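In: dropping a prediction and its sequence here:
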Amino acid sequence: QLDADNYETDPCLKEIRRAENYSWMDIITIHKDKLPNYEEKIKTFYEEHLHLDDEIRYILDGSGYFDVRDKDNKWIRISMEKGDMITLPAGIYHRFTLDENNYVKAMRLFVGEPVWTAYNRPADDLPARIQYMNFLAEEAQ
């Protein structure tokens, strides 16, 4: 159980960061009064895309949704709220949107230096996507 109110000193978060080698982190607040270029960023986050590295998010306050696709290419909506952590594997198509509260404060975690590049769909020829699809095929057997 993570303690979003005390994330600076939370021993569980510290252990996760150590175990997963999450050596870099920052905090992003997504709200029209807090995020420069808010409208543009919201549109970018909602474009279906993938990354070459895992995307790790820990919700410190507020709420929103990550959308991913199931094996039949249908959307699955994952509700995220304060205290939730998610890891989206490299190569998975996804998108993010706020809910009706229009506010989320999240910690972004990375192994090593952050890479912010998003590859909009289609990006099926990228090695991260191929590796992810191979992983799904192996899991299905």
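Out: Received it, and whenever you're ready, just let me know what you need.
In: who are the packing partners of the longest strand seen in the chain?
Out: For the chain, the strand with the greatest residue count under DSSP state E is strand 55-69. Judged by 3 or more C-beta pairs under 8 Å, 6 or more residues apart in numbering; DSSP states H and E, strand 55-69 is in contact with strand 24-30, strand 75-81, strand 85-88, strand 94-98, strand 104-110. To be clear about C-beta, it is placed using only N, CA and C from the backbone, and glycine gets the same treatment.
In: quick one: mean pLDDT for the third one?
Out: It stands for strand 85-88. In this model, strand 85-88 has a mean pLDDT of 98.
In: show me which positions of that strand end up buried.
Out: 85-86, 88 (16 or more other C-beta atoms under 10 Å).
In: what does the fourth one give?
Out: By neighbour count on 16+ other C-beta under 10 Å, the buried set for strand 94-98 is 94-96, 98.
In: just the buried residues of strand 85-88 now: which is nearest residue 130?
Out: residue 88 (16.7 Å; C-beta to C-beta).
In: tell me the contacts of the closest one?
Out: Each residue near residue 88 by C-beta atoms under 8 Å, 6 or more residues apart in numbering is listed here: 51, 54-57, 66, 68, 94.
In: distance of it relative to residue 57?
Out: Computed as C-beta to C-beta, to the nearest Å, the residue 88 to residue 57 distance reads 8 Å.
In: what do the two both touch?
Out: The contact lists of residue 88 and residue 57 share residue 66, where a contact means C-beta under 8 Å, 6+ apart.
In: about what we covered before: return the distance of the longest strand of the chain from the chain's centre.
Out: 6 Å (C-alpha atoms, centre = their mean, to the nearest Å).
In: so in this structure, which helix runs the longest?
Out: In the chain, with assignment by DSSP state H, the single longest helix is helix 127-140.
In: elements contacting that helix?
Out: Against helix 127-140 (3+ C-beta pairs under 8 Å, 6+ apart) you get strand 49-50.
In: what does the strand it packs on rub up against?
Out: 90-95, 118-121, 123, 126, 128-129, 132.
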